[in-house]
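>>> predicted coordinates and the sequence they were generated for:
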Amino acid sequence: MGAIRRTGCGMAKLIGLASTKGGVGKTTICLNLAAVLSRRGARVVVLDADPAGHAAAVAEIGALPFEVRPLLLEEVEPKAVADWTRAVRGTDADFVILDAPGALGPAFGAVLAIADMVLVPVGASMLDIRGAAETVGIVRRHRKAGGRGRPDILVVPSRVDRRTGSGRDVVGTLAGLTEPVAPPVTLRAIVADSLSAGELVPADSPSGLEFAALADAVRVRLETL
Ligand SMILES: Nc1ncnc2c1ncn2[C@@H]1O[C@H](COP(=O)(O)OP(=O)(O)OP(=O)(O)O)[C@@H](O)[C@H]1O
Ligand SMILES: [Mg+2]
């Protein structure tokens, strides 16, 4: 897929990263997806709603081609949630990508209440898939309660180790979650090392091509909404 046609002010697509399990690759996917979309000409803002602040920390040490803003929500008071929601909706961009904390809390629910789509990163092992099933169940319940038919769910095979049987068959295995499954993101040293250096994977590397394929899958799903 090529360059992105700008959608104009006030029509940002809101994409959340969601997993009740920590360390599954949310921040890594969030930042590398943002890089692909911005390289294609979209205006992208990453909102870091995780108190751990990992996305914002990467942005501080590196020179990312998009803005990363911390936007925490640590209280359940309706006014705090309303202010947070207004700040997200007021972000002028084509894509707003929300990195959420890996634990249930106010930010997790607020992301589900506002997102057009959530990406649920999941590893290939049986235990990873149990964690993802829990997240998918929570998103579905929020979607039903919200009554707006959103967020859409895209399961993203993440940190996939192709040397393992479960890694090689990850797309087939994750089909059991009965949600659309994106092309996998493979476990590679370059992915971890580049973020540690405040950088993103090179666009023409095997991992860069995987994040590009993920961005294609995201855009195809968003166009159906
Ligand atoms: N595709 C990959 N290949 C290699 N390492 C990866 C890959 N994806 C993520 N990692 C590494 O796995 C660890 C967890 O990734 P990341 O911080 O993105 O997960 P997270 O879900 O955001 O975690 P948290 O719940 O702590 O916010 C990090 O050390 C990261 O560098
Ligand atoms: Mg994170």
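Perfect, I can see it now. Because the structure is a prediction, the values reported are computed rather than measured. Ligands and ions are numbered 1, 2, ... in the order given.
>>> OK, contacts around the residue in the chain that ligand 2 sits nearest to?
Checking the chain residue by residue against ligand 2 with Cβ to the ion singles out T27 as nearest, at 3.3 Å. For glycine as for every other residue, the C-beta is placed from the backbone atoms N, C-alpha and C. Applying Cβ atoms under 8 Å, 6 or more residues apart in numbering to T27 gives the contacts L17, D50, H54, A55, V58, D99, L195.
>>> which of those fall in helices?
Using DSSP state H, the members of the contacts of T27 that fall in helices are H54, A55, V58, L195.
>>> export the residues you listed as TSV, with columns for distance to D204, pLDDT and neighbour count.
Converted to TSV, these look like this (distance: Cβ to Cβ, whole Å; pLDDT from 0 to 100; neighbours: other Cβ atoms under 10 Å):
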residue	distance to D204	pLDDT	neighbour count
H54	26	95	17
A55	24	96	28
V58	21	95	24
L195	18	94	21
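>>> how about JSON lines for those residues, with distance to ligand 2 added?
Putting those into JSON lines (distance: Cβ to the ion, whole Å) gives the following:
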{"residue": "H54", "distance to ligand 2": "4"}
{"residue": "A55", "distance to ligand 2": "7"}
{"residue": "V58", "distance to ligand 2": "10"}
{"residue": "L195", "distance to ligand 2": "10"}
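>>> widest-spaced pair of the residues you listed?
A55 and L195 (9.5 Å; Cβ to Cβ).
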